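Novice: Kindly return the folded structure for what I paste below:
(one chain, ligands or ions: 1)
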Amino acid sequence: METEATERKKVIFSAIQPSGTITLGNYLGALKNWIDLQDDYNCIFALADLHTITVRQEPAKFRHNALEAYALLLACGIDIEKSPFFIQSQVNTHAQLAWILNCYTQFGELQRMTQFKDKSAKHADNVNAGLFTYPSLMAADILLYQADLVPVGADQKQHLELSRNIAERFNGIYSPTFTVPDPYIPKQGARIMSLQEPTRKMSKSDENVNAYVAVLDKPDDIMRKFKRAVTDSDACVRRAEGKDGVNNLMGIYSCVTGLTDEQIEKEFEGKGYGDFKTAVGEAVIEHLRPIQERYADFMKNKDYMEQCYTESAKLALSISSRTLNKVMKKIGFIPKAF
Ligand code: TYM
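Specialist: This next block holds a predicted model:
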């Protein structure tokens, strides 16, 4: 007879910040996997808008960015029937557990986070406490749903490790309470690099718009950016150390076509970078075309989106409250009598 544990589908949780542009890096590093994993796991996804206010936001733009990101993720293929997809700020348990976990996270652990170091250097005029404690909120997001796996790009690995440490520490002090989550980092696409400086990760906050491709970029812009992508003087499409630009383009091409490195090298044998870059541009444009079309439809249907995020938030609240109540009881808070 199967036990309850073996019958239970594994739980996946992941989230993305609605901080303006969603890039090809976000899509290939994380979102594409969210979509692909929906059938085999119990998935739950969120727009991590509480995380976004660690950087000052203009209210109207912030609201617009959140709706735009919500529509774009539905367009990428989140199926709300299978995977609730909610807005973090609408589910109170997140901020509440984050506070609690802050009290089980060491100052030194947070200080070691490379994202904190990078972001505080970048926004030196606003190194707020939220930016510092951001990883405890991220741990709360994940641990509330007892997630087994968290599909993310490589840049979030350190935050995931901290989430694991916090979970293990809490479980050790009290008794098993949280599932200790594993990162799910794809082989191809985990770290999509800047098209202009391929030793740096592709980032939406890059000042040079040619450095990143946005999922909603127009086809002409996508092609222009790939044609201008920095490569090397070797003029040979092959994966090798030091060929960061070409390695990156091969990774992108592989993600959108499903071809292996060997197949790509064969396809471009004897051909120059010009042909290769055009092929990558075309493949990306074709891959994104249906997403862009669906996005436009969702943006015209805000009532439907409201229904999706409201229903998802209700479900998320009910699941996450179970964990939060357990946590509060173990710590010794007086249970609510209402
Ligand atoms: P965010 O919004 O910066 O990025 C969303 C996802 O995209 C991945 N990513 C990349 N992958 C490959 N190459 C790149 N160049 C690239 N740039 C970004 C990120 O790794 C991420 O998976 N803190 C998170 C959001 C978050 C979260 C969570 C994630 C909040 N709570 C709980 C997982 C679980 C963030 O800022 O991601």
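
Novice: Quick one: residues contacting residue 269.
Specialist: Taking C-beta atoms under 8 Å, 6 or more residues apart in numbering, we find residue 269 in contact with residue 237. C-beta here means a position set from N, CA and C on the backbone, and glycine is covered the same way.

Novice: where along the stretch 201-338 of the chain do the helices fall?
Specialist: 219-227, 244-257, 261-267, 273-299, 302-331 (DSSP state H, counting those that start in this stretch).

Novice: now the angle from the first one to helix 244-257?
Specialist: Between the axes of helix 219-227 and helix 244-257, defined by axes from the mean of the first three to the mean of the last three C-alpha atoms, to 10 degrees, the angle is 140 degrees.

Novice: And helix 219-227, what does it pack against?
Specialist: helix 273-299 (3 or more C-beta pairs under 8 Å, 6 or more residues apart in numbering; DSSP states H and E).

Novice: What's the local residue count around the nearest residue to residue 302 once chain neighbours are set aside?
Specialist: Excluding its sequence neighbours, the residue lying closest to residue 302 (C-beta to C-beta, 6 or more residues apart in numbering) is residue 67, at 7.0 Å. Other residues near residue 67 come to 18 when the count uses other C-beta atoms under 10 Å.

Novice: before we move on, what about the one 10 residues further on?
Specialist: As a burial measure, residue 77 scores 16 neighbours (other C-beta under 10 Å).

Novice: Now residue 103, what are its backbone angles?
Specialist: phi -80, psi 0 (degrees, to the nearest 10).

Novice: do residue 272 as well
Specialist: According to degrees, to the nearest 10, residue 272 has phi -90, psi 180.

Novice: And the nearest residue to residue 31 once chain neighbours are set aside, how far from the ligand?
Specialist: Nearest residue to residue 31, sequence neighbours excluded (C-beta to C-beta, 6+ apart): residue 76, at 5.2 Å. For residue 76, the distance to the ligand (C-beta to the nearest ligand atom, to the nearest Å) stands at 12 Å.

Novice: and what of residue 125?
Specialist: Taken as C-beta to the nearest ligand atom, the span from residue 125 to the ligand is 20 Å.

Novice: what's the answer for residue 71, then?
Specialist: 16 Å.

Novice: can you tell me which residues contact whichever residue of the stretch 101-250 of the chain sits closest to the ligand?
Specialist: Distances between the stretch 101-250 of the chain and the ligand by C-beta to the nearest ligand atom are smallest at residue 153, namely 2.3 Å. Each residue near residue 153 by C-beta under 8 Å, 6+ apart is listed here: 25, 26, 29, 30, 185, 189, 190, 191, 192.

Novice: I'd like those residues as CSV, with pLDDT, neighbour count and distance to the ligand appended.
Specialist: Listed next are the contacts of residue 153 as CSV, based on pLDDT from 0 to 100; neighbours: other C-beta atoms under 10 Å; distance: C-beta to the nearest ligand atom, whole Å:
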residue, pLDDT, neighbour count, distance to the ligand
25, 97, 26, 3
26, 97, 25, 4
29, 95, 26, 2
30, 94, 24, 3
185, 94, 20, 8
189, 91, 22, 6
190, 94, 21, 6
191, 96, 18, 5
192, 97, 26, 4
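
Novice: Inside helices: which ones of those residues?
Specialist: Filtering the contacts of residue 153 for membership in helices, criterion DSSP state H, returns 25, 26.

Novice: In CSV, list the contacts of residue 153 along with distance to residue 250.
Specialist: Listed next are the contacts of residue 153 as CSV, based on distance: C-beta to C-beta, whole Å:
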residue, distance to residue 250
25, 15
26, 19
29, 16
30, 20
185, 18
189, 11
190, 14
191, 13
192, 12
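
Novice: Can you name the residues in contact with the helix or strand harbouring residue 166?
Specialist: Secondary structure from DSSP states H and E places residue 166 in helix 157-173. When contacts are defined by C-beta under 8 Å, 6+ apart, helix 157-173 is touched by residues 101, 104-105, 109-110, 113-115, 135-136, 138-139, 142-143, 150, 152, 177-183, 185, 327.

Novice: Output that helix in CSV with nothing but the alpha carbons.
Specialist: Coordinates of the C-alpha atoms in helix 157-173 are reproduced here as CSV (Å, rounded to 0.1, in the frame of the first residue of the first chain):
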residue,chain,number,x,y,z
LYS,A,157,21.2,29.9,-5.6
GLN,A,158,22.7,31.7,-2.6
HIS,A,159,19.3,32.9,-1.5
LEU,A,160,18.0,29.3,-1.8
GLU,A,161,20.9,28.0,0.4
LEU,A,162,20.0,30.6,3.0
SER,A,163,16.4,29.5,2.9
ARG,A,164,17.5,25.9,3.5
ASN,A,165,19.7,27.0,6.4
ILE,A,166,16.8,28.9,8.0
ALA,A,167,14.5,25.9,7.6
GLU,A,168,16.9,23.5,9.1
ARG,A,169,17.7,25.8,12.0
PHE,A,170,14.0,26.3,12.8
ASN,A,171,13.3,22.5,12.5
GLY,A,172,16.3,21.9,14.7
ILE,A,173,15.2,24.3,17.5
